[in-house]
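>>> Sequence plus the predicted model coming up.
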Amino acid sequence: MLLPTLTAALLSATVTNTETVHDLAAYNDHVVACTEGGLELFTRSGRPVRTLTVEDGLPSHFCRALQVAGNRLFAATDEGVVAVDKGWRVEPVVGAKWYALPAAGSMNAEVYRAALGWLSERLAPGPTYTAFTERYLGTADGRVMAPASGRMWTVPGQVLLLEEAGESLHVGTTEGAFTLGPEGLVSLPVPVGPLAYATDAKGGTRVLGGEGESRPWGASTGESKALPPGPTRLLEEKGVAWVGTREQGVFRRQGKEWKRVTPTGQLCGNHITALARHQGQRVVGTFDKGVCWEQPDGRWRTVRMPNIPSNHVLGVASDGPNLYVATMYGLGLYDGKTWTPMAYGGRNPVGLSKLAVLAALPDTEDGVGLVDGRGVSFVKRASQPLELAKRLQLPEGWSSHVSVADGAGRYLWVASEDRGLVRWDGEQWMRFHDGKDLTDNWVTALAADEGGRAVVGSCQDGFSYFDGERWTRVRDAEGLPSRYVVSTALVPDGALVGTLLGAVHYDARSGTVHPLLRLADPRVYSILVEEGSVLFGTEGGLSQLDWSPPTAVTQR
């Protein structure tokens, strides 16, 4: 039997953004930041040392909470709780997906580990737990529960704090602070949110406002702009104050001034939606943080509104001199010197007919294809200023819900959320739909090449592979982690497929799929195949896998 091989054993690089911080802890003579890009380690003087990622054994880069118990640091991530020892080795503890960890108190590491296992076995599945006390639980959807009595209260916002105080319970959420007692739920004064909570050096609870205000629990006023904007956690360690923030990383106070210690020049965001190369450098488009590309020194240059029409990037492409950024509200063009936003209803020299630009396709016969919901504007490659070559309308009456597009050479493919997809072959449109060709008409991912091949991912029914002549539908193949496909790419004799639960290599010759492991996050939204490597854009950052093209191996 002939089998292709895809070598992806070595994780060449994982790149994340650590500017969203959920918790801070002092451990092993370091300050550890629990971020959405992994665990970032700082010396006590504020020097960044390293970031622990999936390469180090984390099940997810999305860290939610930290707790020190004895000689171990416990971290709650979106894919489970782990323990970190003083050699920074990571070990899984439980698979619970909590956003908080119960207080360790005087428990040592083994007792705390056992307590977490006991708790995970007894908590009802379903809710995302965000706060714990001995008698109460808080959840991400604003519920306060007393399991012993079966009682439940609803509060606005995600529950971040629960404190038992005699007959009363202090409840802190992202939107307000409350006392739950004999008189019911009483609202307390709070600063401008979103809110966070911390324990000060004297053991008191402080409410942290979104604009940096810090005030004692229940107080009507506090210290204005005492902290950097968007604080999430406050840590006092040996007389030195540290703050984690929502968008700017970690700050350390030096005298009366706050100094950012999280490195600058990071990847623009972890939720990656598009990948490309521009003049040899990696380019990343994100869900809500704009676009960035890697500089020769390893730092990333970020561009956001108003230089591009929207920070929600749908596609990126390069024709050499020009970089094209397709966004939810139009096209961003970089000619090497200047950014120019273009959009339907505004500056629009290329004939765009709908606001969202779904894709920029640099390798079609007619130039760079700019696809919107009504058709395609082909512009001349490397033209400065951009020059429209021709406009191609989609088939009349086909679909009003266009989703994704791809193409190369004479082939252009455009897909929808309700009518499958259509292909332009240079002369006419041809339609493909479910039943005969596709697993489902709701298309969420598409990749095509100049040879006529295509791989089409569906919303909840697997994917379909077209070899240029025949369709093969793959719904429940062994090894396919999810039927919800969100990205695809073609490789020789097969395809790479990204789902919400992981990525696979599809071998078209044998009809089998092979999981690709140790990605930055199982939610894989973009795939870029290059010579010798593959880039995976996930919801937890960027992964690069070394790989070799499939080769025929004879088994006897």
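Looks like it arrived, so ask away.
>>> which residues does residue 27 contact?
66, 68, 73, 84 (Cβ atoms under 8 Å, 6 or more residues apart in numbering). No exception for glycine: its C-beta is placed from N, CA and C like everyone else's.
>>> Distance of it relative to residue 516?
32 Å (Cβ to Cβ, to the nearest Å).
>>> on that earlier part again, among the contacts of residue 27, which one lies nearest to residue 127?
residue 66 (21.1 Å; Cβ to Cβ).
>>> Can you pull the poorly scored residue ranges out of the protein?
1-12, 549-556 (pLDDT under 70).
>>> re the thing from before, using TSV, please lay out the contacts of residue 27 together with distance to residue 233 and neighbour count.
Below are the contacts of residue 27 laid out as TSV (distance: Cβ to Cβ, whole Å; neighbours: other Cβ atoms under 10 Å):
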residue	distance to residue 233	neighbour count
66	9	23
68	14	18
73	15	25
84	18	24
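>>> in the stretch 251-400 of the chain, which spans are strands?
257-260, 272-278, 281-286, 291-294, 300-303, 313-318, 323-327, 330-334, 339-342, 357-364, 367-372, 375-379, 388-393 (DSSP state E, counting those that start in this stretch).
>>> Make TSV from the ones you listed and add mean neighbour count to it.
What follows is the strands of the stretch 251-400 of the chain, written out as TSV (neighbours: other Cβ atoms under 10 Å):
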stretch	mean neighbour count
strand 257-260	14
strand 272-278	23
strand 281-286	24
strand 291-294	24
strand 300-303	17
strand 313-318	24
strand 323-327	27
strand 330-334	25
strand 339-342	17
strand 357-364	23
strand 367-372	26
strand 375-379	24
strand 388-393	14
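>>> Just send those back as CSV, with distance to residue 114 too.
Formatted as CSV, the strands of the stretch 251-400 of the chain follow (distance: least, Cβ to Cβ, whole Å):
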stretch, distance to residue 114
strand 257-260, 39
strand 272-278, 38
strand 281-286, 40
strand 291-294, 44
strand 300-303, 43
strand 313-318, 46
strand 323-327, 50
strand 330-334, 53
strand 339-342, 56
strand 357-364, 52
strand 367-372, 56
strand 375-379, 61
strand 388-393, 65
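>>> hey, where'd the helices end up in this structure?
Listed in chain order, the helices of the chain (DSSP state H) span 109-122.
>>> Spatially central residue in it, please.
For the chain, the residue nearest the mean C-alpha position is residue 539 (2.1 Å; Cα atoms, centre = their mean).
>>> separation between the residue lying closest to it once chain neighbours are set aside and residue 503?
Setting aside the residues directly before and after it, residue 539 is nearest to residue 523 in space (Cβ to Cβ, 6 or more residues apart in numbering), at 4.0 Å. From residue 523 over to residue 503 the distance is 10 Å, taken as Cβ to Cβ.
>>> Compare these two and say which is more crowded by neighbours.
The neighbour comparison of residue 523 against residue 503 (other Cβ atoms under 10 Å) goes to residue 503, with 28 against 24.
>>> list the contacts for the closest residue to residue 96 other than its chain neighbours?
Leaving aside its sequence neighbours, residue 96 sits nearest to residue 120 (Cβ to Cβ, 6+ apart; 4.3 Å). By Cβ under 8 Å, 6+ apart, the contact set of residue 120 is 94-96.
>>> Distance check, residue 120 against residue 364.
52 Å.
>>> Dig out what the closest residue to residue 258 other than its chain neighbours forms beta bridges with.
Distance criterion Cβ to Cβ, 6+ apart; nearest residue to residue 258, sequence neighbours excluded, is residue 251 at 4.4 Å. Beta-bridge partners for residue 251, by DSSP bridges, are residue 243, residue 260.
>>> Quick check, residue 251 in contact with residue 242.
Yes. Counting by Cβ atoms under 8 Å, residue 251 touches residue 242, with 7.0 Å between them.
>>> tell me which of the contacts of residue 120 is nearest to residue 397?
Nearest member of the contacts of residue 120 to residue 397, counting by Cβ to Cβ, is residue 95, at 49.0 Å.
>>> hang on, that closest one packs against residue 80?
Yes. With contact defined as Cβ under 8 Å, residue 95 counts as touching residue 80 (4.5 Å).
>>> Give me the more crowded residue out of those two.
residue 80 (18 against 10).
>>> show me the contacts for that one.
So residue 80 contacts 59-60, 92-97 (Cβ under 8 Å, 6+ apart).
>>> go again using 7 Å as the cut-off
Neighbouring residues of residue 80 by Cβ atoms under 7 Å, 6 or more residues apart in numbering: 59, 92, 94-97.
>>> Next, find the distance separating it from residue 59.
On the measure of Cβ to Cβ, residue 80 and residue 59 end up 5 Å apart.
>>> what does residue 183 give?
For residue 183 relative to residue 59 (Cβ to Cβ), the value is 43 Å.
>>> What of residue 210?
Where residue 59 is concerned, residue 210 sits at a distance of 30 Å (Cβ to Cβ).
>>> now do residue 374
Distance of residue 374 to residue 59, given as Cβ to Cβ: 43 Å.
>>> picking up where we left off before, from residue 289, how far out is the residue nearest to residue 539?
Distance of residue 523 to residue 289, computed by Cβ to Cβ: 16 Å.
>>> same thing with residue 47?
26 Å.
>>> Ok, residue 415 next?
In terms of Cβ to Cβ, residue 415 sits 26 Å off from residue 289.
>>> try residue 538
Applying Cβ to Cβ to residue 538 and residue 289 gives a distance of 14 Å.
>>> One more: residue 226?
On the measure of Cβ to Cβ, residue 226 and residue 289 end up 27 Å apart.
>>> One more: residue 431?
Relative to residue 289, and taking Cβ to Cβ, residue 431 is found at 36 Å.
>>> more neighbours, these two?
Using other Cβ under 10 Å as the criterion, residue 431 and residue 289 rank with residue 289 on top: 22 against 13.
>>> My guess is the more buried one contacts residue 270. True?
No. Counting by Cβ atoms under 7 Å, residue 289 sits too far from residue 270 to count as a contact (8.4 Å).
>>> circling back to that earlier point, out of the contacts of residue 27, the closest to residue 170 would be?
Nearest to residue 170 among the contacts of residue 27, with distances taken as Cβ to Cβ, is residue 66, at 21.2 Å.
>>> leaving aside the residues next to it on the chain, what's closest to the closest one?
Using Cβ to Cβ, 6+ apart, the closest residue to residue 66 is residue 25 (4.0 Å).
>>> Count the residues that sit near that neighbour.
The number of residues packed near residue 25 is 22, by other Cβ under 10 Å.
>>> Please enumerate the shared neighbours of residue 80 and residue 59.
residue 92.
>>> coming back round to it: tell me which of residue 374 and residue 59 has more neighbours.
Using other Cβ under 10 Å as the criterion, residue 374 and residue 59 rank with residue 59 on top: 19 against 14.
>>> Having no further points to raise, I will conclude here.
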